[in-house]
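Asks: sequence and computational prediction follow.
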2 protein chains.
Amino acid sequence: MSKQALPVLAAADGCRTTLTAPLDADTAATLAIGFKALADPVRLRLLSLIASAGGEEVCVCELTPAFELSQPTISHHLKVLRESGLLTSQRRGTWVYYRVVPQMLQQLSRVLALDS
Amino acid sequence: MSKQALPVLAAADGCRTTLTAPLDADTAATLAIGFKALADPVRLRLLSLIASAGGEEVCVCELTPAFELSQPTISHHLKVLRESGLLTSQRRGTWVYYRVVPQMLQQLSRVLALDS
């Protein structure tokens, strides 16, 4: 698996950050990167297709047919998800394979969980 | 309390939607509205200040001093949060008071929780 940056996990103090205490500016800026990656319907659908594989990797060739969008557009959205740390990727031959980073999703989930 | 639209809760089938199954286009579009509201550091900080009040309402006059931003800018960000359904508001006299909608935060949290 290729190495990917995990900016949210690295800068926002792991799983302990929630909205139940005032966020400092740096933590808020870092978390906003993650939420911005999620703030697009196509990216949410791509992420759900990959997350539905239950931890297995998914070929970009399996993702593109689900959308009426060009391959470069799909690749752009996957790049945003990868750069935010929500996905990792590995190129093998013609295709790129994507896998969800569950820790990143869990962190963003916990930030919003008021009872945690 | 003034009535506010709850677009995410209304359209995304409550708390049962998660990324562990492929999202349809309509649900993804609705959820993206919520994540877009969270995709800004100032809005995340505002939301954390209000959520820190533990369900109590918070006067805009208590929020503005925490930022080096103009009152109209703060009000714009609060409007985005309110229109996404994450906050409700009530005007009393000079000031507007804001309260978190916990169901909305919980819904967005659960969408990202892979083990739910």
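Replies: Perfect, thanks for sending it. Residues are numbered from 1 along each chain as shown, chains lettered A, B, ... in the order given.

Asks: for stretch A:59-69, which positions count as buried?
Replies: The neighbour-count check on stretch A:59-69 (16 or more other C-beta atoms under 10 Å in any protein chain shown) flags A:60, A:63-64, A:67 as buried. In this view, the C-beta of every residue, glycine as well, is placed from N, C-alpha and C.

Asks: using CSV, list the CA coordinates for it.
Replies: Coordinates of the C-alpha atoms in stretch A:59-69 are reproduced here as CSV (Å, rounded to 0.1, in the frame of the first residue of the first chain):
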residue,chain,number,x,y,z
CYS,A,59,-10.5,-0.9,-8.3
VAL,A,60,-11.2,2.5,-9.9
CYS,A,61,-12.5,0.4,-12.8
GLU,A,62,-15.4,-0.8,-10.6
LEU,A,63,-16.2,2.7,-9.4
THR,A,64,-16.5,4.6,-12.7
PRO,A,65,-19.5,2.7,-14.1
ALA,A,66,-21.6,3.8,-11.2
PHE,A,67,-21.4,7.4,-12.3
GLU,A,68,-22.3,9.4,-15.4
LEU,A,69,-19.0,11.2,-15.1
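
Asks: chain center to it, what's the gap?
Replies: For stretch A:59-69, the separation from the chain centroid amounts to 17 Å (computed by C-alpha atoms, centre = their mean, to the nearest Å).

Asks: got it, and stretch A:32-42?
Replies: Relative to the mean C-alpha coordinate of its chain, stretch A:32-42 is positioned 8 Å out (C-alpha atoms, centre = their mean).

Asks: list the contacts of that stretch.
Replies: Here stretch A:32-42 makes contact (C-beta atoms under 8 Å, 6 or more residues apart in numbering or on different chains) with A:7-8, A:43-44, A:47, A:67, A:69, A:73-74, A:77, A:80-81, A:83-86, A:104, A:107-108, B:25, B:28-29, B:31-32, B:35-36, B:38-41, B:44, B:112.

Asks: out of those residues, which are buried?
Replies: Buried subset of those (neighbour count, 16+ other C-beta under 10 Å): A:7-8, A:43-44, A:47, A:67, A:74, A:77, A:80-81, A:84-86, A:104, A:107-108, B:28-29, B:31-32, B:35-36, B:38-41, B:44, B:112.

Asks: run a quick neighbour tally on the closest residue to residue A:100 other than its chain neighbours.
Replies: Of all residues not flanking residue A:100 in the chain, residue A:51 sits nearest, at 4.8 Å (C-beta to C-beta, 6 or more residues apart in numbering or on different chains). For residue A:51, the count of nearby residues is 24 (other C-beta atoms under 10 Å in any protein chain shown).

Asks: between the buried residues of stretch A:59-69, which sits nearest residue A:17?
Replies: Ranked by distance to residue A:17 (C-beta to C-beta), the buried residues of stretch A:59-69 are led by residue A:63 at 30.5 Å.

Asks: enumerate the residues of chain A near chain B.
Replies: Within reach of chain B by C-beta under 8 Å from any C-beta of the partner chain, chain A has these residues: A:19-23, A:25, A:28-29, A:31-32, A:35-36, A:38-45, A:47-49, A:51-52, A:54, A:66, A:100, A:102, A:105-106, A:108-114.
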